[in-house]
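Undergrad: quick one, fold the following:
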Amino acid sequence: MSNAPNPPHSIDAEKAVLGSVLIKPTVFAELAGMLATDDFFIPAHREIWDAMRECDRRGTLDVLTVMDELRVRGHIQRLEGGEGYMLELSGAVPTAESARHYTELVRERAVRRRLIALATETAMRAAGSAELGELLAETRASIDALEVPADDGPVRVGDALDEAKDAIEARAKNTRTGSVPTGLTSLDGMLGGLRPGQQIVVAANPGGGKSSLAWVTAIRAAMAGVPALCFSLEMSRQELIERALTFVGEVPGITSGDVDLAKWDKIHKADRQIRGIPLWVDDRKLSVGRIAAEARRWRSRYARGGLALLVVDYLGLVRSDGRAENRQLEVAAMSRAFKVLAGDLKCPLILVAQLNRQNVTGGVPRMPVLSDLRDSGAIEQDADIVLFPWIQDADTQIIIAKHRNGETGIVKQVRWRGDLMAFFDDHGADFDAVGTERYP
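TA: Okay, the predicted model is just below:
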């Protein structure tokens, strides 16, 4: 005889959810966004919920249509008491007012069951030969996923109009509500900030300012209160922090050791400005799967809800989790994985990439185009925004080569300060003008 404890569940709560739908079918639309079929512990309840979902899809949900659907599927006889069980469910609750409460109870028990199953599986893998780092990352990601509620499903356009109008009004007032600012006035004016779910590709030739644009954007976002995480596969944590002190304190020469007392005062001031901001760095050489797992864990632990920003610098150094026939397919798979990650975590993701050397002729680079993105056309396809920082002597521009939700163009009201490794607004420019040119 087994002494194993009964898996967590509440039959009464499951009955109350189903009964609430039967006495007030209009609540199903809300509850269906909170529960998946597998959240029910009793198999018969899963079958009833599935039948309800089908009846709701067809537009007629009530006791009779649900029983008909169960009958067609051959499930009605599996119910204890047959059709009488449906009538019993209808009387399980006096009203549907507490339907959401009962639904949360069912969901909570389901998460507990999954956590037990995950712990059992993890124990078996830990006792086996699974690579420890990968196992830890995957377990963290799985635990984080348990906290994500069921998909809300399709939303009627009319029900989402107020939310859309609020976003438009916020942008009109220049409050940047719902987007992460880059800190460059003209660029933000063109893009409306970086929005949740977007993949923003920043690409240039070596030394072209792509890493600087990505890293300083993360610093500016964090200084504005937006949590930011940078996965740096090229520069070390030490190098990035030195760059942060250089940028925030406006202290050139840190990396060369050219630091006098006056510069130390600026460094200490920058230290005080940076120390408390929500900015994280991970300089390990991680695979795309590990990056995704760490990002999910970070989002859950330090940036739950609200705006957040991810940076991956850079794509060419990210290891794939699997084998592909060629490098282009490998890069395409990783690009898609990062796009999915941005959507899942509901935050913009800046993906730094290289350009092909084809845009250099006789040692002189030409203005880049989308086809210059290295290794895969999938990078362009997945990207919502593609930015090319362009530094040629005293000429500084940021090219918006792709903008899925707006216009492309060349932002000229920026300047590059190589001593501070950062782009700044060009305060000498006329900001009443649009400040862009057509591209290409």
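Undergrad: tell me where this structure has strands.
TA: Along the chain, the stretches classed as strands by DSSP state E are 199-204, 228-232, 279-282, 309-313, 349-354, 360-361, 364-365, 385-392, 395-403, 409-411, 414-417, 422-425, 436-437.
Undergrad: these: lowest mean pLDDT?
TA: Mean pLDDT is lowest for strand 436-437 among the strands of the chain, at a mean of 52.
Undergrad: ok, back up a step: and residue 73, which of the strands of the chain is closest to it?
TA: Comparison of the strands of the chain against residue 73 by C-beta to C-beta identifies strand 199-204 as nearest, at 41.6 Å. From N, CA and C alone the C-beta is placed, and that goes for glycine too.
Undergrad: leaving out chain neighbours, which residue sits closest to residue 219?
TA: In space, and not counting its chain neighbours, residue 219 is closest to residue 244: 5.6 Å by C-beta to C-beta, 6 or more residues apart in numbering.
Undergrad: separation between that neighbour and residue 116?
TA: Note on residue 244: its distance to residue 116, by C-beta to C-beta, to the nearest Å, is 43 Å.
Undergrad: if you count what's nearby, which of these two comes out ahead?
TA: In this view residue 244 and residue 116 are compared by other C-beta atoms under 10 Å, and residue 244 has more residues nearby, 23 against 13.
Undergrad: of the strands of the chain, which is nearest residue 64?
TA: Proximity to residue 64, assessed across the strands of the chain by C-beta to C-beta, is greatest for strand 199-204 (48.0 Å).
Undergrad: export the strands of the chain to JSON lines and tack on distance to residue 23?
TA: Formatted as JSON lines, the strands of the chain follow (distance: least, C-beta to C-beta, whole Å):
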{"stretch": "strand 199-204", "distance to residue 23": "45"}
{"stretch": "strand 228-232", "distance to residue 23": "47"}
{"stretch": "strand 279-282", "distance to residue 23": "49"}
{"stretch": "strand 309-313", "distance to residue 23": "45"}
{"stretch": "strand 349-354", "distance to residue 23": "45"}
{"stretch": "strand 360-361", "distance to residue 23": "71"}
{"stretch": "strand 364-365", "distance to residue 23": "70"}
{"stretch": "strand 385-392", "distance to residue 23": "49"}
{"stretch": "strand 395-403", "distance to residue 23": "50"}
{"stretch": "strand 409-411", "distance to residue 23": "57"}
{"stretch": "strand 414-417", "distance to residue 23": "62"}
{"stretch": "strand 422-425", "distance to residue 23": "61"}
{"stretch": "strand 436-437", "distance to residue 23": "59"}
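Undergrad: mean neighbour count and distance to residue 210 for the ones you listed - can I get that in CSV?
TA: Supplementary listing: the strands of the chain in CSV, determined by neighbours: other C-beta atoms under 10 Å; distance: least, C-beta to C-beta, whole Å:
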stretch, mean neighbour count, distance to residue 210
strand 199-204, 26, 4
strand 228-232, 25, 13
strand 279-282, 19, 17
strand 309-313, 27, 8
strand 349-354, 25, 5
strand 360-361, 12, 15
strand 364-365, 13, 13
strand 385-392, 23, 6
strand 395-403, 20, 11
strand 409-411, 22, 15
strand 414-417, 20, 12
strand 422-425, 20, 11
strand 436-437, 16, 20
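Undergrad: between the ones you listed, which gets nearest to residue 298?
TA: Of all the strands of the chain, the one in closest proximity to residue 298, counting by C-beta to C-beta, is strand 228-232 (5.3 Å).
Undergrad: who's in contact with that closest one?
TA: Here strand 228-232 makes contact (C-beta atoms under 8 Å, 6 or more residues apart in numbering) with 214-215, 218-219, 221-222, 240, 278-283, 286, 291, 294-295, 298, 303, 308-313.
Undergrad: that older thread, to residue 261, which of the strands of the chain lies closest?
TA: Among the strands of the chain, the nearest to residue 261 by C-beta to C-beta is strand 414-417 (22.9 Å).
Undergrad: each with direction, which strands does the closest one pair with?
TA: Each strand that pairs with strand 414-417, with its direction, by DSSP bridges: strand 422-425 (antiparallel).
Undergrad: can you show me the CA trace of the strand it pairs with as PDB?
TA: Extracted in PDB, the C-alpha atoms of strand 422-425 (Å, rounded to 0.1, in the frame of the first residue of the first chain):
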ATOM      1  CA  ALA A 422      29.200  57.300 -25.900                       C
ATOM      2  CA  PHE A 423      26.700  59.000 -28.200                       C
ATOM      3  CA  PHE A 424      25.100  62.300 -27.000                       C
ATOM      4  CA  ASP A 425      22.500  64.700 -28.200                       C
END
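Undergrad: who's in contact with that strand?
TA: Contact with strand 422-425 is made by 184-186, 209, 212-213, 216, 247, 389, 396, 398, 413-417, as judged by C-beta under 8 Å, 6+ apart.
Undergrad: so how far is that strand from its chain's centroid?
TA: Taking the mean C-alpha point of strand 422-425 and that of its whole chain, the gap between them comes to 26 Å (C-alpha atoms, centre = their mean, to the nearest Å).
Undergrad: where in the stretch 51-200 of the chain is pLDDT low?
TA: Counting by pLDDT under 70, the stretch 51-200 of the chain has low-confidence residues at 81, 145, 147-156, 158-160, 163, 167-168, 170-177.
Undergrad: just the pLDDT for the residue nearest to residue 219.
TA: The predicted structure scores residue 244 at 93 on the pLDDT scale.
Undergrad: again, but for residue 334
TA: So residue 334 comes in at 88 (pLDDT).
Undergrad: make sure it is actually in contact with residue 320.
TA: Yes. Under the criterion of C-beta atoms under 8 Å, residue 334 lies in contact with residue 320, with a separation of 5.9 Å.
Undergrad: look at those two and report which has more neighbours.
TA: Comparing residue 334 with residue 320 by neighbour count (other C-beta under 10 Å), the higher total belongs to residue 334, at 29 against 16.
Undergrad: and the more buried one, how far from residue 379?
TA: Remark: distance between residue 334 and residue 379 (C-beta to C-beta) = 9 Å.
Undergrad: where do the contact lists of those two overlap?
TA: When contacts are counted by C-beta under 8 Å, 6+ apart, the set common to residue 334 and residue 379 consists of residue 315.
Undergrad: what's the single longest helix in this protein?
TA: Ordering each helix of the chain by length in residues (DSSP state H) puts helix 99-127 first.
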